[in-house]
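> here is a sequence together with a model predicted from it:
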Amino acid sequence: MKINWNYTKIGFLLFLLSGVYAFSGHRNDAKKVKNSTIEFIGEDNLFITHQTVNKLLIQNLGSLTNVPKDALVLNTVEKVLEANEMVKSAQVYLAVNGELTSKIIQRKPLGRIEGNSKFYLDDEGKRMPLSKNHSARVPIITGKITDESLNDCFKLIQFVNADNFLKKDIIGIHITQKDKIQLRLRLEDFVVTVGSLENLEGKFNNYKAFYRKAVKDQALDKYKAVSLEYNNQVVCTKI
């Protein structure tokens, strides 16, 4: 039987072209973004949701799925995420398998301002909007709200949060005037006036000493005001 080598060559070429095409298609798929995932680092309570982040990316960049890897600028994606007022920082990674991962750190509120405007004071001393998704359990700040008084509140809250005793007991900060801040407590009815922020460590050490003695004497309910304004002493006003 005579073999027609022309047909054989044509068949081999078609087989080779099919293989090249399939290989090329596989490589093109490998060069595209296959999936996009979002991870929130640190806080369990979300001020911004996965849905909001996805919507944010789509509105600014369109769908990132099936986008060629070479066309995706990770720095641009990070900037889009960090433009959201709830986001402190974002890092975006693209794996070899086409998996796009966005790791987001949310801003952290330290206090909540309740006045003509309502917002949070974050851990960098900046204004942070309230969230529809979660309400943070932080001290409520009221009174005469100015940039200067908020700066004082920020320093005071940082000091308070570094002390377990104070952090558990202080639930409110009221600004009456410059260098005059009052504290509302969780368990006690009396108000603590701090005065200026000078020598906070000394003032609160005196306050703790007063508190321990008052607890021992069962006298906490006898006071309506406690002042730390004066050096090396605690001035109390009884009911």
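Now that the structure is in, tell me what you want to look at. Numbering: from 1, shown residues only.
> which parts of this structure are strands?
With DSSP state E, the ranges of strands along the chain come out as 35-41, 87-94, 99-106, 109-114, 118-122, 127-128, 140-143, 170-177, 180-185, 191-193, 223-227, 235-238.
> could these go into a markdown table alongside distance to Pro68?
For glycine as for every other residue, the C-beta is placed from the backbone atoms N, C-alpha and C. Conversion of the strands of the chain to a markdown table gives the following (distance: least, C-beta to C-beta, whole Å):
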| stretch | distance to Pro68 |
| --- | --- |
| strand 35-41 | 14 |
| strand 87-94 | 11 |
| strand 99-106 | 12 |
| strand 109-114 | 40 |
| strand 118-122 | 37 |
| strand 127-128 | 37 |
| strand 140-143 | 49 |
| strand 170-177 | 53 |
| strand 180-185 | 56 |
| strand 191-193 | 61 |
| strand 223-227 | 66 |
| strand 235-238 | 71 |
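> so, low pLDDT: which residues of this structure?
Scanning the chain for pLDDT under 70 picks out the ranges 1-30.
> let me see the domain layout of this protein.
Listed by automatic domain parsing, the domain ranges of the chain are 35-106, 110-238.
> distance of the most centrally placed residue in the chain relative to Leu46?
Nearest to the geometric centre of the chain sits Arg107, at 2.2 Å (C-alpha atoms, centre = their mean). Distance from Arg107 to Leu46, counting by C-beta to C-beta, to the nearest Å: 12 Å.
> likewise Lys103?
14 Å.
> dump the domains of the chain to CSV, plus mean neighbour count.
What follows is the domains of the chain, written out as CSV (neighbours: other C-beta atoms under 10 Å):
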stretch, mean neighbour count
domain 35-106, 15
domain 110-238, 16
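> any idea how far stretch 48-64 is from the chain center?
18 Å (C-alpha atoms, centre = their mean, to the nearest Å).
> thank you kindly, that will do.
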